[in-house]
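Student: Below are the sequence and a predicted model; questions follow.
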Amino acid sequence: MCAADRKRPSIGEWVAAFVAVGIAFAVSEFLGISQRWETAVAFTVLLFSGVLIGTRPVWGRGAFWPDLIAVFLLHCVILGGIERSLPAESAGPRGIPMMAAIMVEGVFIIVVLFKRSMPSDSDPD
């Protein structure tokens with residue numbers, strides 16, 4: 001069975017997502033990125049790992065990957081603006097409010113990607 005045909009994500013996919021977050025933290029530490037940017041990078045990796053796992057059924061659709069790139073870039077621009085607008089001494093948003101924002105944003109992104117990747121009713125097939 002093809003990975004894109006499975007209904008549920010495997011444990012390996014979730015382990016890979018958390019390993020990717022760990023690598024993001026390690027690289028951020030190695031590069032000496034400030035705490036607030038380190039948190040933003042790690043949560044972005046976690047968010048888009050979850051989005052990729054959740055949208056696996058539509059990976060093969062033509063509109064999916066360009067839309068994912070556009071959403072990712074929009075996320076980075078907005079998050080960058082938020083992080084830059086915070087005071088220099090701020091550690092940035094984190095904890096429960098950050099997790100809640102990530103979950104809401106993740107659901108929104110998945111819904112948008114699914115809707116844009118599905119053929120419309122007016123498409124002749």
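Tutor: Yes, it's here. Keep in mind the model is a prediction, meaning the values are calculated, not measured.
Student: Now the residue most central in space within the chain: which helix or strand?
Tutor: For the chain, the residue nearest the mean C-alpha position is residue 48 (1.8 Å; Cα atoms, centre = their mean). Using DSSP states H and E, residue 48 sits in helix 35-54.
Student: helices and strands around that helix, which ones?
Tutor: helix 11-31, helix 64-85, helix 96-117 (3 or more Cβ pairs under 8 Å, 6 or more residues apart in numbering; DSSP states H and E). No exception for glycine: its C-beta is placed from N, CA and C like everyone else's.
Student: Of all these, which one is nearest residue 56?
Tutor: helix 11-31 (8.4 Å; Cβ to Cβ).
Student: What residues of the closest one count as buried?
Tutor: By 16 or more other Cβ atoms under 10 Å, the buried positions in helix 11-31 come out as 13, 17, 20-21, 24-25, 28.
Student: Now tell me what touches it from outside.
Tutor: Residues from elsewhere that reach helix 11-31 (Cβ atoms under 8 Å, 6 or more residues apart in numbering): 37-38, 41-42, 44-46, 49-50, 53.
Student: can you rerun that using 10 Å?
Tutor: With Cβ atoms under 10 Å, 6 or more residues apart in numbering as the test, helix 11-31 has contacts from 3, 6, 9-10, 33-35, 37-50, 52-53, 56.
Student: could the buried residues of helix 11-31 go into a markdown table alongside distance to residue 98 and pLDDT?
Tutor: A markdown table is the format used below for the buried residues of helix 11-31 (distance: Cβ to Cβ, whole Å; pLDDT from 0 to 100):
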| residue | distance to residue 98 | pLDDT |
| --- | --- | --- |
| 13 | 23 | 84 |
| 17 | 17 | 85 |
| 20 | 17 | 89 |
| 21 | 13 | 87 |
| 24 | 15 | 89 |
| 25 | 14 | 87 |
| 28 | 15 | 88 |
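Student: Any stretches of the protein with poor pLDDT?
Tutor: Within the chain, the ranges that satisfy pLDDT under 70 run 1-7, 90-94, 120-125.
Student: If anything else comes up later, I'll come back, but that's it for now.
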